[in-house]
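# I would like the atomic coordinates for the input below:
(2 chains)
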Amino acid sequence: MTTLTKQLFFFAIYSIFLTGCVQKLSPWERGSLAKPQMALETLPLDSAIMKHTYTSKEAASGGYGVGGGGCGCN
Amino acid sequence: MALVEVVVAVTKKTKNTNSLAALTIATLALPGISPTAIAAEAEYFDLDSQFTRYSESNNRMKIDVYQANASIPFNDKFKLKINGVKDVITGASPIYYKPTNGQAKMQKSGASIKDVRDAVDISGNYIHSAGNVGLNVGRSSENDYDSTFFNIDSLLDFNQKRTSLSSGYGYSSDNVWAVDHCPSDYIYKGSQCASIPILTFPPGLIPQTFINNGMYRRPDVGGEKQTHQGLLGLTQILNKDALIQTNLTYTHNQGYLSDPYKDAYLEGATPLCFHNDCGTYVHDTRPTNRDQFATLVRYVQHFGALNAAAMHVDYRFYADTWGVDAHTFEFTWIQPIYAGWNLTPRMRYYSQGAADFYAPYFLSTRADGFYSSDYRLANFGAIGGGVQLNKEFFNRLNLGLGIDFYERKMNYGINGGAGTAEDNFSFSMFSAKINFKY
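Model (predicted):
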């Protein structure tokens, strides 16, 4: 993938935030968003081990946050 | 990651309150209202633990993972988290590949790998008027690897708390080396391999560090490396049933980035012998710098008409300066069933292109001198899926079971580049978890 293609790809993703589809919400309208199943990470330990496993078996990593050290995983 | 903790933390809290209080706290538990959310959750001690068994096909790696996490509140502004992980690792792993009748033939390590990884980290999170800031420090150690790291992260709310800006920085200092058995024809005295009749060491280097039981630290491979990570993220509430998050991460690695256990077949190279196995192969040799870029988009949608089910859709694009690019798609459906039961099926697709200096084997030398046949740098794709089942008891105890499968195949990939079907494999993961709070 060329550098220009990558830049366009990143731009396309961030254009999501330029769509203007955001609604105003009052606090009492946010009940659904606050439910456990709406959390970005619903099972933190499970999420941690899955990401660790994928990072050990694939070349790609990152995106979810910063943190943690490496490992001598084979 | 702070935002994630906020949302998870507060939603747990709601289970322990009456409905009005739960709604109030849950309302405040949204992205962008994190300070109040953490304050509410901080009243409770939370203990989370999980056991996972990981098994690869073809008698390769098998790992038992023990995880535990304790969240300890001090007051409404500060909480402490302690996290521990122990991996017990056994099995075999590919070392290099020989060309045989035009096909790559894998040479594995044999079922000789035995290792234990212990990792612990401690984090503190402080809440201020416009968000929160966290600090995390930790250490991980194995027989052949150690890592010391710290991270700082920050979350700021704005746009009437409908938008959250997260940022973070992480640093890791690692040491990696290889541990091996003394070859069978070594003269073994005490805890040392007394002679080195076969192993070809670089001039002037002899084994300096010996480990008990015939194991020694190889002097010809390994080294130090440092990692710097940066994150910038934005979470936006779209409407009363949907939110979206996007993150950008940049990682700079420098130092010894090769795998000390892996080699690459190189036609015409000076024969290198180890454990009576001589061949024209070279040690896995990679550049000493690597820059990684990843962008992640996560979309979460609530379905009130389907018993408050939630759909999570993630997409990540990744590229690095080694020539690898990758796409990751994940889909998760969380379905509340009845009386505290939750069923969570999920699917994942991953595809990556090969690194510039990867090949199953090399028939000629490379001008840059980099060689790797590590299966993780090849072109391939992978399909995964699984399901989690959870049940909550007494608003205090949550038990869960999970199963996941993963299948990697060269022809599942869409990115292109070198690879071999010899590296096709699969793994399964079975997990049991328990969460308790009071």
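# so residue B:156 sits right up against residue B:129, yeah?
No. Look at residue B:156 against residue B:129 with CB atoms under 8 Å: they stay out of range, at 10.5 Å. All C-beta atoms are positioned from the backbone trio N, CA, C, and that covers glycine.
# neighbour-wise, which of these two wins?
Between residue B:156 and residue B:129, counting by other CB atoms under 10 Å in any protein chain shown, residue B:156 is the more crowded of the two (16 against 6).
# Would you give the sheet partners of whichever strand or helix holds the more buried one, along with the direction of each?
Using DSSP states H and E, residue B:156 sits within strand B:145-158. Applying DSSP bridges, strand B:145-158 is found paired with strand B:131-141 (antiparallel), strand B:163-176 (antiparallel).
# can you list these in TSV and add mean neighbour count and mean pLDDT?
Compiled in TSV, the strands paired with strand B:145-158 are given as follows (neighbours: other CB atoms under 10 Å in any protein chain shown; pLDDT from 0 to 100):
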stretch	mean neighbour count	mean pLDDT
strand B:131-141	19	94
strand B:163-176	20	95
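# thinking again about what came up before, give the buried residues for the strand holding residue B:156.
Counting neighbours by 16 or more other CB atoms under 10 Å in any protein chain shown, one finds that the buried residues in strand B:145-158 are B:145, B:146, B:147, B:149, B:150, B:151, B:152, B:153, B:154, B:155, B:156, B:157.
# Give me the nearest residue to the second one, chain neighbours excluded.
Which is residue B:146. residue B:175 (5.2 Å; CB to CB, 6 or more residues apart in numbering or on different chains).
# ditto for residue A:69
residue B:147 (2.9 Å).
# so who does that neighbour touch?
A:69, A:70, A:71, B:139, B:140, B:141, B:172, B:173, B:174, B:175 (CB atoms under 8 Å, 6 or more residues apart in numbering or on different chains).
# Looks like the last one contacts residue B:255 (just checking).
No. Taking contact to mean CB under 8 Å, the distance of 9.3 Å between residue B:175 and residue B:255 leaves them out of contact.
# Overlap of the contact sets of these two?
Joint contacts of residue B:175 and residue B:255 (CB under 8 Å, 6+ apart) are B:223, B:224, B:225.
# Residue B:267 contacts residue B:279, correct?
No. Judged on CB under 8 Å, residue B:267 makes no contact with residue B:279 at a distance of 10.4 Å.
# what about the closest residue to residue B:265 other than its chain neighbours, distance to residue B:312?
Ranked by CB to CB, 6+ apart and with sequence neighbours excluded, the top spatial neighbour of residue B:265 is residue B:361, at 3.9 Å. As judged by CB to CB, to the nearest Å, residue B:361 and residue B:312 stand 41 Å apart.
# now swap in residue B:417 and tell me
On the measure of CB to CB, residue B:417 and residue B:312 end up 30 Å apart.
# next one: residue B:157
For residue B:157, the distance to residue B:312 - CB to CB - is 22 Å.
# just for chain A, where's the confidence low?
For chain A, the stretches flagged by pLDDT under 70 are A:1-23.
# can you pull out the helices in it?
With DSSP state H as the criterion, chain A has helices at A:3-14, A:44-57.
# Any residues of the stretch 251-400 of chain B in contact with chain A? List them.
Neighbours of chain A within the stretch 251-400 of chain B, by CB under 8 Å from any CB of the partner chain: B:251, B:259, B:261, B:292-298, B:300, B:302, B:304, B:308-310, B:312, B:316-320, B:322, B:324-326, B:328, B:334, B:336, B:342, B:344, B:350, B:352-353, B:355, B:376-377, B:382, B:388, B:400.
# Next step: those residues restricted to strands.
Using DSSP state E, the subset of those located in strands is B:251, B:292-298, B:300, B:302, B:309-310, B:312, B:316-320, B:325-326, B:328, B:334, B:336, B:342, B:344, B:350, B:352, B:382, B:388, B:400.
# Can you give me the neighbour number for residue A:24?
10.
# quick one, what contacts it?
Residue A:24 touches B:160, B:162, counting by CB under 8 Å, 6+ apart.
# how far away is it from residue B:410?
Residue A:24 is 50 Å from residue B:410, where distance means CB to CB.
# What are the boundaries of the helices in the stretch 151-300 of chain B?
In the stretch 151-300 of chain B, no helices are defined using DSSP state H, counting those that start in this stretch.
# scratch that, the stretch 1-150 of chain B is what I was asking about
Under DSSP H, counting those that start in this stretch, the stretch 1-150 of chain B gives helices at B:2-13, B:19-28, B:34-41.
# So for the second one, mean pLDDT?
The average pLDDT within helix B:19-28 is 42.
# of the shared contacts of residue B:175 and residue B:255, list those near chain A.
residue B:225.
# Verify the stated contact: residue B:44 with residue B:437.
Yes. Using CB under 8 Å, residue B:44 is in contact with residue B:437, at 5.0 Å.
# Quick check: chain neighbours aside, which residue is closest to residue B:360?
Nearest one to residue B:360, counting by CB to CB, 6+ apart, is residue B:104 at 3.6 Å.
# what about that neighbour, how many neighbours?
For residue B:104, using other CB under 10 Å, the count is 21.
# try the one 3 residues further on
Taking other CB under 10 Å as the criterion, the count of residues near residue B:107 is 17.
# What's the separation between it and residue B:93?
11 Å.
# which residues touch residue B:425?
Contacts of residue B:425 by CB under 8 Å, 6+ apart are B:56, B:57, B:58, B:60, B:408.
# surely the first one meets residue B:90?
No. Using CB under 8 Å, residue B:56 is not in contact with residue B:90; the gap is 10.9 Å.
# neighbour count winner among those two?
It is residue B:56, of residue B:56 and residue B:90, that has more neighbours when counted by other CB under 10 Å, with 19 against 14.
# gap between the more buried one and residue B:261?
16 Å.
# same deal with residue B:95?
Separation of residue B:95 from residue B:261 (CB to CB): 7 Å.
# Show me which of those two is the more surrounded one.
residue B:261 (25 against 22).
# Contact residues of the stretch 51-200 of chain B facing chain A?
B:52, B:54, B:61, B:65, B:67, B:69, B:93, B:113, B:115, B:117, B:119, B:121, B:136, B:138-140, B:142, B:144-145, B:147-149, B:151, B:153, B:160, B:162, B:168-170, B:172, B:174, B:176.
# Let's see that with 6 Å instead.
B:52, B:65, B:67, B:93, B:136, B:140, B:142, B:144-145, B:147, B:149, B:151, B:168, B:170, B:172, B:174, B:176 (CB under 6 Å from any CB of the partner chain).
# coming back round to it: can you list the strands paired with strand B:145-158 in TSV and add distance to residue B:48?
Listed next are these as TSV, based on distance: least, CB to CB, whole Å:
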stretch	distance to residue B:48
strand B:131-141	16
strand B:163-176	22
